[in-house]
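> The following block contains a protein sequence and its predicted model.
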Amino acid sequence: MKYQVYARHNLDKIPNYGKLSQEQIQSIKIVSEVLPFKTNNYVINELIDWDSYQEDPMYILNFPQKEMLKPTPFRTLSEMVENNTSKADLAKYIHELRLNLNPHPDGQMEHNVPSLKGKLLTGIQHKYRETLLFFPTQGQTCHAYCTFCFRWPQFTGLNELKFAMKQPNLVVSYLKENPSITDILITGGDPMVMKTEVLERYIDAFLAAGLPQLKTIRIGTKSLSFWPYRYLTDPDSGDLLDLLRRVNDRGIHVALMAHMNHPRELETDAVKEAILRIRETGTQIRSQSPLLRHINDDPAIWADMWKKQVNLGIIPYYMFVARDTGAQSYFGVSLERSHRIFNDAYQQVSGICRTVRGPSMSAGPGKVRIVGITDVQGEKVFVLEFLQGRNPDWVGKPFFAAFDPEAQWLDDLVPAFGEKEFFYEQEYKKLLKVDKLPGHVLTTENKQYA
Ligand SMILES: *Cc1c(COP(=O)(O)O)cnc(C)c1O
Ligand code: SF4
């Protein structure tokens, strides 16, 4: 299958363009001035149900919706475009809007980039002791863009490729100095957009370094959902499968961390065949997804998705809370509802699906899971725990936040029982060497977009 990409410039060429209402076309054009938009022929022809596309989760996953911007910016931007506002003024306003969409949640840029001999290693992140994130330069795009993408600033040029790196030798040096790292997580964007020979060069550099500590190479990817032909008909798909097999044969576990938002993504012949071929290489596929309003905020969807995954040999791994960036106001689900949806779904499936953990917030101090909602001495509280912590000692200790039905993120929570701080906060501030925790800074000017 030939990969055909569609974006703003060739929107009118997409199959089914004739089915789009004028209002939808307008929404796509305006919103994609601010947030990234890209789709392809697989998503359009095999995933989207065009008979009811306006409510279709696969359509909403890929095509910008009017409500992804607040009404005022949407109107202002539409008027500016209609009135042929100068390019410079338009760019300035768009930039302003982007800065108001919290493009750098949790200080990702500042706080997780390690250094080697005094030199900052942009292109890797080391937040949790055992796992190093590696962002290869050529893997910093995707086969299509999710409308909720938390890496949207990278795709709109707001912080273009700042994360990325080309030199695997620097990663190897860093690994040698940090023997606690057992896992390399190659991520993006989507590393599976890279040609096999490029991916192979990176992986071979890790293998050639002979690092006894290295046990797992993970690859974070949305390709099973957005382009399963990567494993079937792309010219180098056979080489890709050979590469995966070769790494596994070396005794290094390859884990494909598949990003999947909806059971529909598991239903095409192409994806089923791709999963089969990947599993034949000895690679294990694990799945993770955020919980998203308008796409999958229903326990039946999750239960169905986990069952289908297990049936195809995929291990359910994480359910995330939608991150506090980009179009979160459109996709966000309250923590209370997130917990109920998770639990409802979890109760419907057999133990074999219950490898999944969540709902989890990837926040500054760590991955924080909502364990439950309960009453303690007459106070309604959220019970929370770290699944991953910037300090590994934080993991697994239950802690409590005052119940708040509106809260959507860790920053919205305050400690229960009148306590001043959560147990980790003093140490977290020390670790960051800052006296103020990162989070939303809402001034009167930007409150309208928050
Ligand atoms: C989620 C995450 C990891 C991987 O954590 P696991 O719990 O081992 O899957 C590593 N680094 C960062 C920054 C992460 O957010
Ligand atoms: S696959 Fe991930 S990085 Fe790519 S657009 Fe979707 S959320 Fe963003």
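Everything's here; your move. Ligands and ions are numbered 1, 2, ... in the order given.
> tell me the contacts of the residue most central in space within the chain?
Taking Cα atoms, centre = their mean, the centroid of the chain lies closest to residue 150, which sits 5.7 Å from it. Neighbouring residues of residue 150 by Cβ atoms under 8 Å, 6 or more residues apart in numbering: 105, 323, 325, 326. Glycine gets a C-beta too; all of them are placed from N, C-alpha and C.
> try it again with 10 Å
103, 105, 108, 290, 320, 322, 323, 324, 325, 326, 328, 362 (Cβ atoms under 10 Å, 6 or more residues apart in numbering).
> Go through those and name the one with the lowest pLDDT.
Lowest pLDDT among the contacts of residue 150: residue 108, with 59.
> Going by neighbour count, which of the contacts of residue 150 comes out on top?
Using other Cβ atoms under 10 Å as the neighbour criterion, residue 326 leads the contacts of residue 150 with 27 neighbours.
> Phi and psi next, for the nearest residue to it once chain neighbours are set aside.
What sits nearest to residue 326 in space, not counting adjacent residues and going by Cβ to Cβ, 6 or more residues apart in numbering, is residue 152, at 4.8 Å. Taking degrees, to the nearest 10, you get phi -60, psi -30 for the backbone angles of residue 152.
> pLDDT below threshold where in the stretch 351-450 of the chain?
Within the stretch 351-450 of the chain, the ranges that satisfy pLDDT under 70 run 434-450.
> Sketch out the strands for it, chain order is fine.
For the stretch 351-450 of the chain, the strands defined by DSSP state E, counting those that start in this stretch cover 357-362, 366-376, 379-389, 399-402.
> Filter the contacts of residue 150 down to the ones in strands?
Among the contacts of residue 150, the residues falling in strands (DSSP state E) are 290, 320, 362.
> Among the residues you listed, pick out the one closest to residue 213, please.
Nearest to residue 213 out of the ones in strands among the contacts of residue 150 is residue 362 (Cβ to Cβ; 24.4 Å).
> who touches the closest one in this structure?
Counted by Cβ under 10 Å, 6+ apart, residue 362 has contacts 105-106, 108, 127, 150, 290, 318, 320-321, 323, 368, 387-388, 410.
> Pipe these into a markdown table and attach distance to ligand 2 per row.
Formatted as a markdown table, the contacts of residue 362 follow (distance: Cβ to the nearest ligand atom, whole Å):
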| residue | distance to ligand 2 |
| --- | --- |
| 105 | 14 |
| 106 | 16 |
| 108 | 13 |
| 127 | 17 |
| 150 | 6 |
| 290 | 8 |
| 318 | 13 |
| 320 | 10 |
| 321 | 14 |
| 323 | 10 |
| 368 | 20 |
| 387 | 20 |
| 388 | 19 |
| 410 | 20 |
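> With respect to residue 25, which of these is nearest?
Looking across the contacts of residue 362 and measuring by Cβ to Cβ, the closest to residue 25 is residue 150, at 26.3 Å.
> What backbone torsions are found at that closest one?
phi -80, psi -10.
> count of neighbours near residue 66?
16.
> low pLDDT regions in the chain?
Across the chain, residues meeting the criterion (pLDDT under 70) sit at 106-111, 159-164, 434-450.
> Show me what from it comes close to ligand 1.
For the chain, the residues in contact with ligand 1 (Cβ under 6 Å from any ligand atom) are 112, 125, 127, 128, 131, 133, 185, 362, 367, 387, 388.
> Contact partners for the closest residue to the third one other than its chain neighbours?
In this case it means residue 127. Leaving aside its sequence neighbours, residue 127 sits nearest to residue 112 (Cβ to Cβ, 6+ apart; 4.6 Å). Under the criterion of Cβ under 10 Å, 6+ apart, the neighbours of residue 112 are 106, 124, 125, 126, 127, 128, 133, 163, 364, 390.
> I'd like those as TSV, with neighbour count appended.
Below are the contacts of residue 112 laid out as TSV (neighbours: other Cβ atoms under 10 Å):
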residue	neighbour count
106	24
124	23
125	21
126	20
127	21
128	22
133	19
163	25
364	22
390	20
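> wait, which of these is closest to ligand 1?
Set against ligand 1, the nearest of the contacts of residue 112 by Cβ to the nearest ligand atom is residue 127 (3.9 Å).
> which SS state does residue 218 fall under?
For residue 218, the assignment made with DSSP: H, G, I helix; E, B strand; the rest coil gives strand.
> what's across from it in the sheet?
Counting by DSSP bridges, residue 218 is bridged to residue 185, residue 255.
> give me every residue that touches it.
131, 133-134, 183-187, 191, 253-257, 284, 286.
> Are any of those residues buried, and if so which?
Buried positions within the contacts of residue 218, assessed by neighbour count (16 or more other Cβ atoms under 10 Å), are 131, 133-134, 183-187, 191, 253-257, 284, 286.
> Out of those residues, flag the one nearest to residue 416.
The closest of the buried ones among the contacts of residue 218, once distances to residue 416 are taken by Cβ to Cβ, is residue 131, at 30.6 Å.
> Nearest spatial neighbour of the closest one, chain-adjacent residues omitted?
residue 183 (4.3 Å).
> Flag every residue of this structure that's near ligand 2.
142, 145, 146, 149, 151, 188, 189, 190, 222, 259.
> out of those residues, which is most surrounded?
Greatest neighbour count in the residues of the chain next to ligand 2, by other Cβ under 10 Å, goes to residue 189: 27 neighbours.
> Spatially nearest residue to it, not counting backbone neighbours?
That would be residue 140: by Cβ to Cβ, 6+ apart, it lies 4.0 Å from residue 189.
> ok, now residue 318?
Nearest non-adjacent residue to residue 318, counting by Cβ to Cβ, 6+ apart: residue 288, 4.0 Å away.
> next one: residue 334
residue 408 (5.6 Å).
> number of nearby residues for the closest residue to residue 354 other than its chain neighbours?
Using Cβ to Cβ, 6+ apart and skipping the chain neighbours, the partner closest in space to residue 354 is residue 346 (6.3 Å). Residue 346: 19 surrounding residues under other Cβ under 10 Å.
> how about the residue nearest to residue 131, phi and psi?
Backbone torsions of residue 183, given as degrees, to the nearest 10, read phi -120, psi 130.
> wait, doesn't residue 236 sit right on residue 192?
No. At 11.2 Å, residue 236 does not count as touching residue 192 under the criterion of Cβ atoms under 10 Å.
> out of those two, which sits in the more crowded spot?
The neighbour comparison of residue 236 against residue 192 (other Cβ under 10 Å) goes to residue 192, with 26 against 17.
> List the contacts of that one.
139, 142-143, 186, 199, 219-224, 226-227, 230-231, 234, 240, 256, 258.
> in the strand or helix carrying residue 96, what counts as buried?
Taking DSSP states H and E as the criterion, residue 96 maps to helix 87-99. Residues 93, 94, 97, 98 are the ones in helix 87-99 that count as buried (16+ other Cβ under 10 Å).
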